[in-house]
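here you go, sequence then predicted model.
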Amino acid sequence: MISILIPTDFSKNSMNAITYALEFFKYQTAEFYFMHAYQNELQDHDALVSRTVFDDILDGVRSQSQINLKSLLHTVEKMTPNPRFTYHTISAYNSLVEEVNYIVESKNIDLIVMGTKGKANVKNTDFGSQTFQVLNHVKCPVLAIPSNYTNPQPKHILLPSDYSMFYKPRELKILCDLATPYHSVIDVLYVSKKSKLSTRQANIQAYLKNTISKTEVNFPLSPGIRIAETIQNYIKGHAIDLLVMVNTRHTFLENMLFPSTLDKVSFNLTIPLLAMQNTARPTPNH
């Protein structure tokens, strides 16, 4: 069984991610946790003008969160009456990152699924601030679904790798669990000026070949040094349905998604991204 956490702000994009996940995992036994963290909504509330009204507003925001989750659960159960699925709802007066981290640990979550943007979309970026925070600060694989993306059948998966580190077995299992039901082809793309692998790189490649054994795996080499551009071109040229990247210090994903300011994010991602998290960054102060 796979345990999946889906943070929601009840937006259209959030509902699209939920619909995607329910269809994507329909062949598996899955436990879904739909979570709404409303600390920011409370702090940004128009009526919060003094401390004296704080408790009343908190009660109202909490009550609305619970009502919305109950309505969401009713919609999901009606839309997807899958006997393999178990559903839970969590309403929390907490920040999104802190609550996600808490649930990941306490519920032993395998995967987080969320839309790339929510209610407060950031212009000229592919990732809204909430998704960006989760990708940046939560130590758990994240499957991010672009707005309006509706194809939950990944026939062709791209995993760029420089073969510099061994992957965690649990995260490779997640990748296999995603690929196997759809008989997906996985391309492990190496972008480099050098065509010959070092002994360590060859060992990591062999490890991947042996571990990802339930589906077809290819190991293409693309010469070059402009990694982000090469990956984009490969996605377009090979009809890639899912991009898988490892989020560690100084990797492809960090260079593309975690620059110094959010407005510099320009990866133009139009397909789902599975970010496998090996290093959690410090949670920002609030």
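Looks like it arrived, so ask away.

please name every helix or strand in contact with the longest helix that the chain contains.
The residue-count maximum for a helix in the chain (DSSP state H) belongs to helix 54-79. Contacts defined by 3 or more C-beta pairs under 8 Å, 6 or more residues apart in numbering; DSSP states H and E place helix 54-79 against helix 12-24, strand 30-37, helix 39-43, strand 85-92. In this view, the C-beta of every residue, glycine as well, is placed from N, C-alpha and C.

ok, 6 Å please
Of the remaining helices and strands, those touching helix 54-79 by 3 or more C-beta pairs under 6 Å, 6 or more residues apart in numbering; DSSP states H and E are strand 30-37, helix 39-43, strand 85-92.

now that helix, how far from the centre of its chain.
24 Å (C-alpha atoms, centre = their mean, to the nearest Å).

one more: stretch 87-100?
The answer for stretch 87-100 is 16 Å, by C-alpha atoms, centre = their mean.

contacts for it?
Stretch 87-100 has contacts (C-beta atoms under 6 Å, 6 or more residues apart in numbering) with 32-37, 39, 65-66, 69, 73, 130, 133-134, 137-138, 283.

buried ones in that stretch?
The neighbour-count check on stretch 87-100 (16 or more other C-beta atoms under 10 Å) flags 87, 89-92, 94-100 as buried.

what ranges do the strands span in this protein?
Here the chain has its strands, by DSSP state E, at 2-7, 30-37, 85-92, 111-115, 142-145, 156-160, 185-192, 217-218, 221-223, 242-247, 273-277.

so where is this protein shaky, pLDDT-wise?
42-53, 118-128, 248-268, 277-286 (pLDDT under 70).

how close does the residue nearest to F10 when sequence neighbours are not counted sit to Q232?
Closest residue to F10 apart from its sequence neighbours, by C-beta to C-beta, 6 or more residues apart in numbering: N68 at 5.0 Å. The spacing between N68 and Q232, counted by C-beta to C-beta, to the nearest Å, is 37 Å.

V142 versus the nearest residue to C176 once chain neighbours are set aside, what's the distance?
Distances taken as C-beta to C-beta, 6+ apart put K214 closest to C176, at 5.6 Å, once the chain neighbours are dropped. Distance, K214 to V142, using C-beta to C-beta: 23 Å.

more crowded one of these two?
Each of K214 and V142 has its neighbours counted (other C-beta atoms under 10 Å); V142 has more, 21 against 13.

that one against V113, yeah?
No - the criterion here is C-beta atoms under 6 Å, and V142 misses it with V113 at 7.7 Å.

follow-up on the earlier one: in this structure the residue nearest to C176 contacts P181, no?
No - with contact defined as C-beta under 6 Å, K214 and P181 do not form a contacting pair (10.0 Å).

show residues contacting stretch 22-30.
Residues contacting stretch 22-30 (C-beta under 6 Å, 6+ apart): 1-2, 4, 80, 84-85, 152, 181.

mind listing what's buried along that stretch?
Neighbour count says stretch 22-30 has 22, 24-25, 28, 30 buried, by 16+ other C-beta under 10 Å.

hmm, back to that, next, format the strands of the chain as CSV and append distance to K236.
As requested, the strands of the chain are exported to CSV (distance: least, C-beta to C-beta, whole Å):
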stretch, distance to K236
strand 2-7, 29
strand 30-37, 31
strand 85-92, 34
strand 111-115, 22
strand 142-145, 19
strand 156-160, 11
strand 185-192, 13
strand 217-218, 17
strand 221-223, 13
strand 242-247, 12
strand 273-277, 15
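
please name whichever of those strands is nearest to F166.
The closest of the strands of the chain to F166 is strand 242-247. By C-beta to C-beta, the value is 10.5 Å.
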